[in-house]
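In: Next one to model:
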Amino acid sequence: GAGELLKLIDIAAGASAVMHAGSPRTPTLAFDHLDLMVPICHGELVHLDSQIVHVGNSTMVVKVEGKKKDVLTRLWVHTHVAFVTFVSLGQDGKPQVVPELECTTEEQKKMRKKVIDLQLQNQAYKAEQAAIKMKTDPWSEDKCEAMLENVPETLRYDDTAVYLRKNFLPRSLNALGTVFGGDLLEWMELGATACASNFTRNPHVITIAMDNIFFHKPILPRHLLELTAKVVYLRKHTMQVECLVKVFEPSWIKENPKFKDVDDGYSHVGHFTILNATEYGHKRPVMTGLDVAGDTEAQLKYELADHRFHFFMAQKKEFTADIEDPMAQLKFPRWDKQRKNWNSKQLK
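Out: Numbering: from 1, shown residues only. Sure thing, here's the model as predicted:
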């Protein structure tokens, strides 16, 4: 699944962050919105390039560009661009200053400006989301009923929930003794696809996008994690699944006076866009409706998700305008002409 790719992106980006900071104490702080532009099938060769594109006082933004080897055309096809933010920590666990980034070429300067513009847009996104949360007007009955037209079955918001619990083993720990961000994303994506599969009654669902994720607190081996995945938004062929991760401290920690400030709490939340597909990978309409009538929480989640969808669609058009259409690279005119000639001869 896409979770394995998210894990690889985090590893590649982390390597660049460690080299720039000169220290292995560089945990993942955040993932920006990520679109998986081209599906990567089982057994295909994937190549990732990572580089530092922007540096703050103690943070580093790493760009990870991916491509895959197309078997038919023998061409490398662009698949995605990811931006991952890391923070450098000192021996005392506090942020420490990292070296400045020298941009010597026009391409490097252009990319740095692009990242700054992206950060400004993300700030605007947070402000717009906060404004939507302030609204308290419930939906009309007509609006709720319109969402349920031409669907054979409906589910309430809470009935879409899937719950997962997990303890991470020492093999998932970084140099700080906390869990790798990539391992967390892989687990979250697993929960999102399980929720989408359960909602659509379809095992063939595919993750095609992940929205901004910010890691609010480190995950330690002693923590028990609970993931709650719910469907919050629907379109014709896709759905958006919200994954909320809660951290539970063991009782022996809570009873210890040394850890009097430690308590259970939420670590982070992620939103995954899932495509409903056939067993051959073609789009398949979502035939289950989401009933939010009388549920103000579900209505708010839906409005936030609708704003999120349109915001990142506009951002995608702006920031990928200079990237060649990856599907156009897969055309092989000479081979297609030979195949058509061969088919015509067989018909005769």
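In: can you tell me how far Gly3 sits from Leu36?
Out: For Gly3, the distance to Leu36 equals 11 Å [CB to CB, to the nearest Å]. To be clear about C-beta, it is placed using only N, CA and C from the backbone, and glycine gets the same treatment.
In: do Gly191 as well
Out: Look at Gly191 and Leu36: by CB to CB, they are 17 Å apart.
In: what about these two, which has more around it?
Out: Taking neighbours as other CB atoms under 10 Å, Gly191 and Leu36 compare with Gly191 leading, 23 against 20.
In: need the contact list for that one.
Out: Gly191 sits next to 162, 164, 227, 229, 243 when contact means CB atoms under 8 Å, 6 or more residues apart in numbering.
In: Among the residues you listed, the buried ones, what's the ChimeraX command?
Out: ChimeraX command restricting the contacts of Gly191 to the buried ones, with burial defined by 16 or more other CB atoms under 10 Å:
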select :162,164,227,229,243
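In: Keep only those of the contacts of Gly191 that are in strands.
Out: Here DSSP state E is the test, and those give 162, 164, 227, 229, 243 as lying in strands.
In: from these, which is closest to Ala21?
Out: Taking CB to CB as the measure, Ala21 lies nearest Cys243 of the ones in strands among the contacts of Gly191, at 29.1 Å.
In: Wait, that closest one touches Ser267, no?
Out: No. Taking contacts as CB atoms under 8 Å, Cys243 lies outside contact range of Ser267: 10.9 Å.
In: Which residue ranges of this structure form strands?
Out: Under DSSP E, the chain gives strands at 28-31, 34-35, 46-55, 59-69, 76-87, 153-156, 162-166, 205-210, 213-214, 224-234, 238-248, 265-276, 288-291.
In: picking that back up, would a markdown table of the contacts of Gly191 with pLDDT and distance to Arg156 be doable?
Out: Shown next, in a markdown table, are those (pLDDT from 0 to 100; distance: CB to CB, whole Å):
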| residue | pLDDT | distance to Arg156 |
| --- | --- | --- |
| Val162 | 96 | 14 |
| Leu164 | 96 | 20 |
| Leu227 | 95 | 20 |
| Ala229 | 96 | 15 |
| Cys243 | 95 | 19 |
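In: nearest to Gly14, of the contacts of Gly191?
Out: Cys243 (21.6 Å).
In: Ala30 pairs with what?
Out: Thr85, Phe214 (DSSP bridges).
In: Now do the same for it: its pLDDT.
Out: The model reports Ala30 with a pLDDT of 90.
In: swap in the one 5 residues further on?
Out: According to the prediction, Asp35 has pLDDT 88.
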